[in-house]
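Chemist: structure for this input, please:
(one chain, ligands or ions: 2)
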Amino acid sequence: MLIGGLGLSFALWGWWQLQDVGLDLETLGLWGLMAVGGGMWWLRRDRPQLTPEEKGRSPLTLAQLTQTQAQTEQLITLLATESPNFDPAPHQTQLQTIAQPTPGPLQMTITGGAWVGKTALLRALAGGDGWQYQEAETPRDQTHLVLALVDGDLTAAAWRQMQQWRQAHHQIFLILTKQDQHPEPQRQLLLDTLRQRVAGWLPPDQVLAIAAAPRPITVRHHLTDGSITETQEPQAPQLGDLPNRLATLVDHRESLTWGVQWRQMIALQGEIKTQLNQERGDRALPIIECYQWVAAAAAFANPVAALDLLASLAINAQMFLDLAQLYRQPLSLNQAQTAAEAMGELLLKLGAVEVSTQAIATFLKATPLTYAAGGLLQGISAAYLTRIVGLALVAHLAQQDPLHPPTTFNWEKLSQGLQTALSQTQAAGWLGGFVQEVRSRLVGQSA
Ligand SMILES: Nc1nc2c(ncn2[C@@H]2O[C@H](COP(=O)(O)OP(=O)(O)OP(=O)(O)O)[C@@H](O)[C@H]2O)c(=O)[nH]1
Ligand SMILES: [Mg+2]
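Modeler: Residues are numbered from 1 along each chain as shown. Ligands and ions are numbered 1, 2, ... in the order given. The predicted structure follows:
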């Protein structure tokens, strides 16, 4: 009302101003448009917006679930082919168990901020048929239904959290609690506001208002002798439609169960992907090290800056090919060369070449006896940069979907990986040990 009133008086003032200067209608229309635009901006201002991906997330279908199961099977097979030591049987059994769950009570998680009335609702619902309740901050994968409790408007953080749960195909009821604390007209307003906040992804009938533990009402008794006494009358919980809705869900448990199965399969996929990346990472490291020594030896033998860079680029391209092969994301030689060159440029831009060369020089000067040896500095630098590039590439490859690897590189992600790898090696005296290792190798070889 305050904003409306201010807006109206401002508009009237503007109208008088315009009449004074005698502006034509066209300009007036422009002013009007600006005012309407401003008003719309104000209305939409702090509404979190859905990304297209979020909008597109439709309810889980049986077909999707079947597809997820097939993908999980493929991943188990992939890991079994790549890792001879891996026994697929336990994972396959686990997948079967997820696919055919044993019937039992449905799981419900009651969540919400501190003091919103979670325990009160849990007590009021206790004994409800077919459900098991728990109070928790976030739902588990096995949860069939989330009751998200709020005692007022939805905060942006709560909104985002609910979005995340929805992304994980959680079934959600948004519950406005303690409604006995609000006078009648305000209750409906609050409920409508909540329904608007989640409009588009939570149907209005999944937003409910309750009072699980309404405050007792004070009752005055006028006694025959003229005296007055007061008693506190406890109030029964007002759960509205909620018990009915829960009972209906027990009879239509299938779609709730799909969500549980989907989440469990995704979690299993995560485990398998971790193992797969572990396995591949173990085999990637010797590859990186091999190229690292080659780059070091080349730069050591030809300690000319420009030549080094060219030589390490060629070496890196070959390393890209090998690593991509290992992660089943085959590159063409052309792609590998472009990628290696781009990584080299990126390293220069990030200042990594200079910084690392200086740091390595400092370590070498601490032991002046061997510092004189040929292109030692260049050799160690080349080894270091090759290692960084290799590690960044492996980190990037490991993030891709192993079943549907992309055909192009995401440069932004790759550059982030490069920066992470750089900062990791700059920390905790790692570089000193590395310098010692490469030096003894290079000097040993030449000797
Ligand atoms: N007026 C009113 N008070 C309520 C209602 N439900 C719960 N309360 C009160 O709100 C306070 C917190 O309730 P709890 O159920 O303990 O809330 P909670 O979310 O479990 O709290 P924590 O677990 O500590 O985060 C208690 O004093 C309850 O009596 C309600 O419907 N109406
Ligand atoms: Mg509690």
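
Chemist: ok, Leu223 - contacts?
Modeler: Each residue near Leu223 by CB atoms under 8 Å, 6 or more residues apart in numbering is listed here: Thr229. Just so you know, the C-beta spots here come from the backbone N, C-alpha and C atoms, and that holds for glycine as well.

Chemist: likewise Thr407?
Modeler: So Thr407 contacts nothing (CB under 8 Å, 6+ apart).

Chemist: tell me the secondary structure for it?
Modeler: State at Thr407, reduced to three classes by DSSP: H, G, I helix; E, B strand; the rest coil: coil.

Chemist: and it, how far is that from Gln335?
Modeler: 9 Å (CB to CB, to the nearest Å).

Chemist: chain neighbours aside, what residue packs nearest to Gln134?
Modeler: Leaving aside its sequence neighbours, Gln134 sits nearest to Thr109 (CB to CB, 6 or more residues apart in numbering; 5.9 Å).

Chemist: need the contact partners of the helix or strand where that neighbour lies.
Modeler: Thr109 is part of strand 106-112, with elements assigned from DSSP states H and E. With CB under 8 Å, 6+ apart as the test, strand 106-112 has contacts from 118, 121-122, 130-140, 142-151, 175, 177, 246, 249-250, 253, 256, 260.

Chemist: and what of stretch 430-442?
Modeler: Applying CB under 8 Å, 6+ apart, the contact partners of stretch 430-442 are 292-293, 296-297, 300, 356, 359-360, 363-364, 370, 373, 376, 379-380, 383-384, 387, 424-425.

Chemist: ditto for stretch 263-283
Modeler: Outside stretch 263-283, the residues that touch it by CB under 8 Å, 6+ apart are 65, 68-69, 71-72, 75-76, 78-79, 82-83, 86, 91, 94-95, 98, 141-142, 168-170, 326-327, 394, 397-398, 402.

Chemist: so which residues of the stretch 251-400 of the chain form helices?
Modeler: Assigned helices in the stretch 251-400 of the chain, in chain order: 254-301, 305-326, 333-349, 352-365, 368-371, 376-399 (criterion: DSSP state H, counting those that start in this stretch).

Chemist: looking at those, which is closest to ligand 1?
Modeler: Proximity to ligand 1, assessed across the helices of the stretch 251-400 of the chain by CB to the nearest ligand atom, is greatest for helix 254-301 (23.7 Å).

Chemist: angle of that closest one against helix 376-399?
Modeler: Angle, helix 254-301 to helix 376-399, by axes from the mean of the first three to the mean of the last three CA atoms, to 10 degrees: 170 degrees.

Chemist: now do helix 254-301, average pLDDT.
Modeler: Summarised as a single mean, pLDDT over helix 254-301 is 94.

Chemist: what do you get for stretch 165-172?
Modeler: Stretch 165-172 carries an average pLDDT of 96.

Chemist: got the buried residues for it?
Modeler: Residues of stretch 165-172 classed as buried: Trp165, Arg166, Ala168, His169, His170, Gln171, Ile172 (neighbour count, 16 or more other CB atoms under 10 Å).

Chemist: show me the shaky parts of the stretch 51-200 of the chain.
Modeler: Scanning the stretch 51-200 of the chain for pLDDT under 70 picks out 51-57.

Chemist: mind running it again at 50?
Modeler: Of all residues in the stretch 51-200 of the chain, those with pLDDT under 50 make up the ranges 55-56.

Chemist: how about the helices in it?
Modeler: 52-56, 62-82, 89-99, 118-125, 156-167, 184-197.

Chemist: list the buried residues of the last one.
Modeler: Yep, that's helix 184-197 we're talking about. Buried positions in helix 184-197, judged by neighbour count with 16+ other CB under 10 Å: Arg187, Leu190, Leu191, Leu194, Arg195, Arg197.

Chemist: pipe those into a markdown table and attach distance to ligand 2 per row.
Modeler: Converted to a markdown table, the buried residues of helix 184-197 look like this (distance: CB to the ion, whole Å):
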| residue | distance to ligand 2 |
| --- | --- |
| Arg187 | 23 |
| Leu190 | 22 |
| Leu191 | 23 |
| Leu194 | 21 |
| Arg195 | 26 |
| Arg197 | 24 |
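
Chemist: spatially central residue in the chain, please.
Modeler: Central residue check for the chain by CA atoms, centre = their mean: the C-alpha nearest the mean position is that of Gln164, 8.2 Å away.

Chemist: could you list which residues are in contact with whichever residue of the chain sits closest to ligand 2?
Modeler: Of all residues in the chain, Thr119 sits closest to ligand 2, at 3.4 Å by CB to the ion. Going by CB under 8 Å, 6+ apart, Thr119 touches Glu135.

Chemist: okay, the helices of the stretch 51-200 of the chain, which one's buried deepest?
Modeler: Most buried of those, by mean neighbour count (mean count of other CB atoms under 10 Å): helix 118-125, with a mean of 19.

Chemist: could you check the angle that helix makes with strand 106-112?
Modeler: On the basis of the same axes, to 10 degrees, helix 118-125 is oriented at 150 degrees to strand 106-112.

Chemist: does the residue of the chain most remote from its centre sit in a helix, a strand or a coil?
Modeler: No residue in the chain sits farther from the centre than Asp225, which is 70.0 Å out by CA atoms, centre = their mean. State at Asp225, reduced to three classes by three-state DSSP: coil.

Chemist: next, count neighbours for Leu268.
Modeler: If you count neighbours by other CB atoms under 10 Å, Leu268 ends up with 20.

Chemist: from Leu79, how far out is it?
Modeler: Counting by CB to CB, the gap between Leu268 and Leu79 amounts to 11 Å.

Chemist: repeat for Ser440
Modeler: As judged by CB to CB, Ser440 and Leu79 stand 38 Å apart.
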